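[1] Show me how the following folds:
(chains A and B)
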Amino acid sequence: MHIQSKLKILSQAAKYDVSCSSSGSTRNNKDKGLGNANVSGICHSWSDDGRCISLLKILMTNFCVYNCAYCVNRVTNDIERATLSPDEICEITINFYRRNYIEGLFLSSAVFINPDNTMELLLRTIKKLRIVHNFNGYIHLKAIPGSNPQLIKEAGLYADRMSVNIELPTNDGLKLLAPQKNKESILKPMALITSQIGETALASPDSKYRSKFLPAGQTTQLIVGATPDHDLNILTLSENLYKHFKLKRVYYSAYIPVSQNPNLPSIQGPPLRREHRLYQADWLLRFYGFKARELLNPKYPNFDIELDPKSDWALKNLNCFPIEINTADYKMLIRVPGIGIRSANKIVSARKICSLNHENLKKFGIVLKRARHFITCQGRFYGEPHLNEKIIRQLILPGSPKLKEDKPGIQQLSIFSYLNDLSTRVTGEL
Amino acid sequence: MIRYIYDMSFEGLMTAIYEAHYRIKKPDEIIGENNLQKSIFDEDIFIEPDQLKAEKVINAVEEKISKEALENIFYAFLSEIEGCGTLIYNYIKLGWKLGAKLHLHLSDDRVLKIHSIRQKVLLERHRILGLIRFKHIEKQIYYAAFEPDYNILCLISKHFERRLADQNFIIHDVKRNHAALYNKKQLILTEFSLTEHPTLSEDEKDYQKYWKEYFQSICIKERINPKLQRGYMPHRYWKYLTEKQLGL
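    You can find the predicted model right below:
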């Protein structure tokens, strides 16, 4: 088979893995060889679906012994199969890299013969890249669940990042859709990698040498919408993975119907909006100090599809607002809808010099359409006179008219509007 | 209006700022000679670049304001945005007054504007690190052409020197006629132009084909989203992207 056909088959087979980032590693170019890693990661292109292309994401083979219902490569699926040899993979990777098409390699594989055999071949490929070709670019390797821990440990010395995909958030889901897998077989290699990273860090506390074993850590992926699990289950799982397994990232992949199976839901298209909300919430967990339980609870186990999770949280917690921009704690500033990390930093810097007003915030790029309902500047409030969840929700929904200057709605909160508010509360009018 | 004119070089701009500090006739604007539009109401004074004077300004900015301020000035200079000379002049003048706390004064437009230009220049730099495309041409050279909005060649060339340490390369800013040349030993920035297209090597076409194939097959058809794609990868950069050229 020609190499171009193999490339086509094996990249198509790999495309449902959403992880693409190339960040977190500081691997240097060694002895004037080829490549290095960039700690912030670099995207090299964006395919027509808008997803970034950073790594050559490819399966070594799509011949698989498993039969997971949600997967295109399942053994009973009638598709074209191909295998790339270690040498072929090295050659494509290096030639793509020299042309600056990619940041490195993301190598995964279907389970061919058995897990040990597959893992052994993956390891041989990346060792060749590192040792024979002195390639120092980014390598993301998939750890094959059920393979010998020794192989995974060795692979960690050559790869920058490894991942084991959980795919289905609960054991019930696995039983239904991937009967040959179970939670233990997936979590075991994850735990192994976590402990190995921890050990290397302890053994060489000098940060210079700390990066020997998987400098960019490990990640995983969860499929959204293939099982009836709620967002709450998924987000709680992510929270635990960040906390206990020290994962760098959890990726969410909207389920795309790739097969007809009575155990799979029939859906019109992939739940992209839901996936987007989960990513937003994931950011809130990692950078904004939120807990999963704050964003969702058994009463509201799913995200509002119309509204982003932070705005949704703020609306449900109106009692925390409004906050004064010039005095509020940084931790509270980043909880305001429309204020991100960058604008919060600007506020914190600028207010050391002088008290900030509404005009300043506008210039800082804060989304006042959302933020104005939750803040005061120098004591002035620019939101609606009634701090009412339903009204604000309507005003901040995407697609609702943009904030205009001198709109009658923007007025200073006065004692009278407060009285007005009280009276409606008493009469129950809205 | 009094206008100081500099020769488009960073040294020239810094010399103009030096003169603005010491001469009695203060400028209202500082403009690069290429952006100059003659007007009978303006008094134009051409400033000869002077290395010593420029260095004095550079050192003073670093010592009396901050290293960050010096970087900001350099990024704003590279942006080549209309009026950047005057912006930088006003920013430095403010810096003499405020010292190391200059970066906190975001409520002052002179500071905020410079910060936002810095942001734009660094964004383009980051994008271009990924979007540069080398072609393997004769004599074992990898050649990349590009046309960035801002003059960022000097901000990206080191990255490729570190990364592609074992290959000869040319990164050519076609718009500004200069290039970074590297021969596995030395990196130089120089004036550069090509009269004809370079001859591609034997394997180049194959790898272009493979890359286009990969670009097509990695896309999930159910998720097609051209707007998102253009948001990350603006259309103006497509001209030099291998994967966006027609034909397999």
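
[2] is it true that residue B:117 touches residue B:74?
    No. In this structure, residue B:117 is not within contact of residue B:74 by CB atoms under 8 Å, at 10.9 Å. From N, CA and C alone the C-beta is placed, and that goes for glycine too.

[3] tell me which element residue A:92 falls in.
    Residue A:92 is located in helix A:86-98, with elements delineated by DSSP states H and E.

[4] Put the alpha carbons of that helix into CSV.
    Extracted in CSV, the C-alpha atoms of helix A:86-98 (Å, rounded to 0.1, in the frame of the first residue of the first chain):
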residue,chain,number,x,y,z
PRO,A,86,8.3,2.5,12.8
ASP,A,87,10.6,3.6,10.0
GLU,A,88,7.7,5.0,8.0
ILE,A,89,6.4,6.9,11.0
CYS,A,90,9.8,8.4,11.7
GLU,A,91,10.3,9.5,8.1
ILE,A,92,6.9,11.3,7.8
THR,A,93,7.3,12.9,11.2
ILE,A,94,10.7,14.3,10.5
ASN,A,95,9.9,15.5,7.0
PHE,A,96,6.7,17.2,8.2
TYR,A,97,8.7,18.7,11.1
ARG,A,98,11.4,20.1,8.9
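
[5] Which residues belonging to it are considered buried?
    A:86, A:89, A:90, A:91, A:92, A:93, A:94, A:95, A:96, A:97, A:98 (16 or more other CB atoms under 10 Å in any protein chain shown).

[6] ditto for stretch A:110-120
    A:110, A:111, A:112, A:115, A:118, A:119, A:120.

[7] quick check, nearest of those to chain B?
    Nearest to chain B out of the buried residues of stretch A:110-120 is residue A:110 (CB to the nearest CB; 16.5 Å).

[8] Let me know the secondary structure of the nearest residue to the closest one once chain neighbours are set aside.
    Distances taken as CB to CB, 6 or more residues apart in numbering or on different chains put residue A:64 closest to residue A:110, at 3.5 Å, once the chain neighbours are dropped. Here residue A:64 is recorded as coil under DSSP: H, G, I helix; E, B strand; the rest coil.

[9] Count the neighbours of residue A:64 for me.
    Using other CB atoms under 10 Å in any protein chain shown, residue A:64 has 22 other residues around it.

[10] I'd say it and residue A:72 touch.
    No. Residue A:64 is not in contact with residue A:72 according to CB under 8 Å; the separation is 9.6 Å.

[11] quick one, strands of chain B?
    B:2-6, B:29-32, B:43-46, B:135-137, B:141-146, B:168-173, B:178-182, B:187-191 (DSSP state E).

[12] Parallel or antiparallel, which strands does the fifth one pair with?
    Within its sheet, and counting by DSSP bridges, strand B:141-146 is paired with strand B:135-137 (antiparallel), strand B:168-173 (parallel).

[13] Out of the ones you listed, flag the one nearest residue B:59.
    Among the strands paired with strand B:141-146, the nearest to residue B:59 by CB to CB is strand B:168-173 (29.2 Å).

[14] Contacts for the closest one next, please.
    Contact with strand B:168-173 is made by B:132, B:134, B:139-148, B:151, B:153, B:156-157, B:160, B:178-184, B:192, B:194, as judged by CB atoms under 8 Å, 6 or more residues apart in numbering or on different chains.

[15] Just the buried residues of these.
    B:132, B:134, B:141-146, B:148, B:151, B:153, B:156-157, B:160, B:178-182, B:192.

[16] strands paired with the helix or strand bottoming out on mean pLDDT in chain B, and their directions?
    Lowest mean confidence among the helices and strands of chain B (mean pLDDT, DSSP states H and E): strand B:43-46, at a mean of 90. According to DSSP bridges, strand B:43-46 forms sheet pairs with strand B:2-6 (parallel).

[17] Can I get the strand it pairs with as PDB, trimmed to CA atoms?
    Extracted C-alpha coordinates of strand B:2-6, given in PDB (Å, rounded to 0.1, in the frame of the first residue of the first chain):
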ATOM      1  CA  ILE B   2       7.300  70.700  14.500                       C
ATOM      2  CA  ARG B   3       8.000  67.300  13.300                       C
ATOM      3  CA  TYR B   4      11.200  65.200  13.800                       C
ATOM      4  CA  ILE B   5      11.900  62.800  10.900                       C
ATOM      5  CA  TYR B   6      13.900  59.600  11.500                       C
END
